[in-house]
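Asker: Here you go, sequence then predicted model.
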Amino acid sequence: MATAGEPLEPVAKDHRACDGSLTRAFQFLGKRWNGMLISVLADGPTSFSTLKRALGISDSMLSDRLTELARAGLIERSVDPGPPTVVAYGLTVSGRALLPSLLSLGDWARENLSDEQCRA
């Protein structure tokens, strides 16, 4: 114990903390459908109806998620005025930059997580 005039001993601190960037990434990509939508779009731009069939998601949820991903700059919506008018959704440069990480995460899950573990 230090007496008057002596410096205090430093208190040992535990410097482990979750990286803020990683936290934000999992909060965003961990939101239901976001990561899977990006994964489906890895094969190239596609229509709303194709995304809906691929994921088995409701119209309103898909619309919400597409809007959220577009606001984040990960996907873009393109419109070909036709006729017929064709709307497609595709990944931006930023969205494509996520693909290696998502593919690695999928590989890890196949090797390390069983279906039963995911349902628990």
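Answerer: Everything's here; your move. This is a predicted model, so every value here is computed, not measured. Residues are numbered from 1 along each chain as shown.
Asker: Please name the nearest non-neighbouring residue to the residue minimising distance to the centre of the chain.
Answerer: The residue lying closest to the centre of the chain (CA atoms, centre = their mean) is L29, at 2.3 Å. Computed as CB to CB, 6 or more residues apart in numbering, the closest residue to L29 that is not its neighbour in sequence is G35, at 4.5 Å. From N, CA and C alone the C-beta is placed, and that goes for glycine too.
Asker: picking up where we left off before, the residue nearest to the centre of the chain contacts L37, correct?
Answerer: No: using CB atoms under 8 Å, L29 makes no contact with L37, being 10.0 Å away.
Asker: ok so, going back, now name the helix or strand holding the residue nearest to L29.
Answerer: helix 34-40 (DSSP states H and E).
Asker: And that helix, what's buried?
Answerer: N34, G35, M36, L37, I38, S39, V40 (16 or more other CB atoms under 10 Å).
Asker: which helices and strands does it pack with?
Answerer: helix 20-29, helix 48-55, helix 59-71, helix 93-112 (3 or more CB pairs under 8 Å, 6 or more residues apart in numbering; DSSP states H and E).
Asker: Of all those, which one is nearest P84?
Answerer: Closest to P84 of those, according to CB to CB: helix 48-55, at 13.1 Å.
Asker: Need the residues that contact that closest one.
Answerer: Where contact means CB atoms under 8 Å, 6 or more residues apart in numbering, the residues beyond helix 48-55 that reach it are 33, 36-37, 40-41, 46, 57, 59, 62-63, 66, 87, 89.
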